[in-house]
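> The sequence isn't on hand, but the structure is:
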């Protein structure tokens with residue numbers, strides 16, 4: 001897996017270096033026609049082929065190819081296609097399931113943003129590259145695609161068919177493997193996230209590229225309105241937390257923790273949380289677990305603060321207790337303790 005980074009910039013004051021992207025050798029793309037009036041979903045396509053064995057006998061077989069589309073994209077004509085309602089519903093259900101594990105409010109789906117994320121995904125696939133700031137010289141460029149690229153988490157992979165499992169893109173952004181900033185994760189489990197839209201495109205890029213097909217995916221997460229958290233009881237966002245599916249966690253990668261002290265603003269008091277003197281301890285019934293690679297920042301990807309670390313030797317079915325001590329919150333030292341069990 002290769003991770004790619006872009007320069008720091010801002011959109012409406014939000015640092016968009018936090019909108020990191022993932023390269024996983026599974027590709028997603030988007031491009032677009034102006035109007036789409038389909039009313040009937042397209043069923044999975046089929047391919048029929050013949051093979052001849054060593055005795056000269058010919059066998060014909062038909063293979064069903066799963067995909068997530070109402071209308072399949074066509075990268076060669078810069079047609080972004082249309083994601084099926086079922087795919088969008090499943091992505092939203094899965095995202096809200098993940099948020100429920102952290103005690104966060106569900107988000108809604110914004111259909112008006114579909115064209116933005118589909119065309120952003122098209123740009124990814126057409127150019128076989130991730131870029132939050134595509135330019136008119138890029139293949140399949142559009143102003144809608146530019147907006148979707150600026151305001152979304154991006155994903156690209158190559159060499160594997162798209163499939164219908166849109167949940168895998170949400171999982172990839174949550175785990176954020178090899179993305180040291182954890183920018184995707186911070187948006188997925190951001191208490192202030194209110195609405196999303198998902199775009200997925202697959203096809204052959206319009207530039208030389210060794211892996212085909214390419215799949216591109218985009219999740220729009222930057223919006224004008226924030227979630228109303230006035231009645232949210234959570235004091236922090238921890239990953240993993242309580243009983244947590246092992247499929248949503250990579251034991252070799254970062255655990256993370258963010259203090260949620262200001263319910264009215266993503267920034268404000270959340271940005272002034274100070275982890276400078278903080279310590280992280282992880283233990284089970286058998287004793288302490290070695291912790292390494294502890295870092296923290298207040299860069300403002302999703303919730304404005306984070307401390308992250310790796311823990312060696314984690315296993316499924318064991319309950320671990322995490323203590324994060326000496327955190328300065330509103331000029332007072334605080335300590336936080338919570339448990340998690342991977343199942």
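Here it is on my side, so go on. The structure presented is a predicted model; accordingly, all values stated were derived computationally and were not measured. Residues are numbered from 1 along each chain as shown.
> For residue 322, see how far away the nearest residue to residue 276 once chain neighbours are set aside is.
Using Cβ to Cβ, 6 or more residues apart in numbering and skipping the chain neighbours, the partner closest in space to residue 276 is residue 328 (7.3 Å). For glycine as for every other residue, the C-beta is placed from the backbone atoms N, C-alpha and C. Distance, residue 328 to residue 322, by Cβ to Cβ, to the nearest Å: 18 Å.
> what is the rounded mean pLDDT of whichever strand or helix holds the residue nearest to residue 276?
Assigned by DSSP states H and E, residue 328 belongs to strand 319-329. In this model, strand 319-329 has a mean pLDDT of 98.
> helix or strand right after that strand?
Next along from strand 319-329, by DSSP H and E: strand 332-342.
> Show me where the stretch 151-300 of the chain has its helices.
Assignment of helices within the stretch 151-300 of the chain using DSSP state H, counting those that start in this stretch yields the ranges 167-175, 183-188.
> deepest of the ones you listed, which one?
helix 183-188 (a mean of 28; mean count of other Cβ atoms under 10 Å).
> Could you list every helix and strand in contact with that one?
For helix 183-188, the packing partners by 3 or more Cβ pairs under 8 Å, 6 or more residues apart in numbering; DSSP states H and E come out as helix 85-101, strand 152-158, helix 167-175, strand 255-259.
> Give the rounded mean pLDDT of that helix.
What helix 183-188 shows for mean pLDDT is 97.
> The residue nearest the centre of the chain and residue 103, how far apart?
Centre of the chain computed as the mean C-alpha position; nearest residue by Cα atoms, centre = their mean is residue 173, 2.5 Å away. As judged by Cβ to Cβ, residue 173 and residue 103 stand 19 Å apart.
> Next: residue 313.
Counting by Cβ to Cβ, the gap from residue 313 to residue 103 is 27 Å.
> what's the answer for residue 281, then?
Distance from residue 281 to residue 103, by Cβ to Cβ: 22 Å.
> rewinding a little: name the residues that touch the strand holding residue 328?
For strand 319-329, contacts defined as Cβ atoms under 8 Å, 6 or more residues apart in numbering pick out 238, 255, 257, 259, 261, 269, 273-285, 289, 307, 311, 314, 333-341.
> in the protein, what spans have low per-residue confidence?
When residues are selected by pLDDT under 70, those of the chain lie in 1-65.
> out of the helices and strands packed on helix 183-188, nearest to residue 206?
Closest to residue 206 of the helices and strands packed on helix 183-188 is strand 152-158 (Cβ to Cβ; 13.8 Å).
> if we can go back for a sec, mind checking which of the contacts of strand 319-329 are buried?
Among those, the ones that count as buried by 16 or more other Cβ atoms under 10 Å are 238, 255, 257, 259, 261, 269, 273-275, 278, 280, 282, 284, 289, 307, 311, 314, 334, 336, 338, 340-341.
> what about residue 208, how many neighbours?
Applying other Cβ atoms under 10 Å, we find 6 residues neighbouring residue 208.
> what's the distance between it and residue 155?
According to Cβ to Cβ, residue 208 and residue 155 sit 21 Å apart.
> okay, now the residue nearest to residue 139 when sequence neighbours are not counted: neighbour count?
Spatial nearest neighbour of residue 139, excluding adjacent residues (Cβ to Cβ, 6+ apart): residue 126 at 3.9 Å. When neighbours are counted by other Cβ under 10 Å, residue 126 registers 30.
> Show the contacting residues for residue 126.
By Cβ under 8 Å, 6+ apart, the residues touching residue 126 are 29, 31, 75, 78, 138, 139, 140, 205, 206, 207.
> Give the buried residues for stretch 310-321.
For stretch 310-321, a neighbour-count test (16+ other Cβ under 10 Å) marks 310, 311, 314, 320 as buried.
> Now the terminal residues of that stretch, how far apart.
End-to-end distance for stretch 310-321, by Cα to Cα, to the nearest Å: 14 Å.
> Same check on stretch 128-140?
Distance between the two ends of stretch 128-140: 12 Å, counting by Cα to Cα.
> again, but for stretch 285-297
This stretch, stretch 285-297, spans 31 Å end to end (Cα to Cα).
> Would you mind measuring from residue 166 to residue 280?
34 Å.
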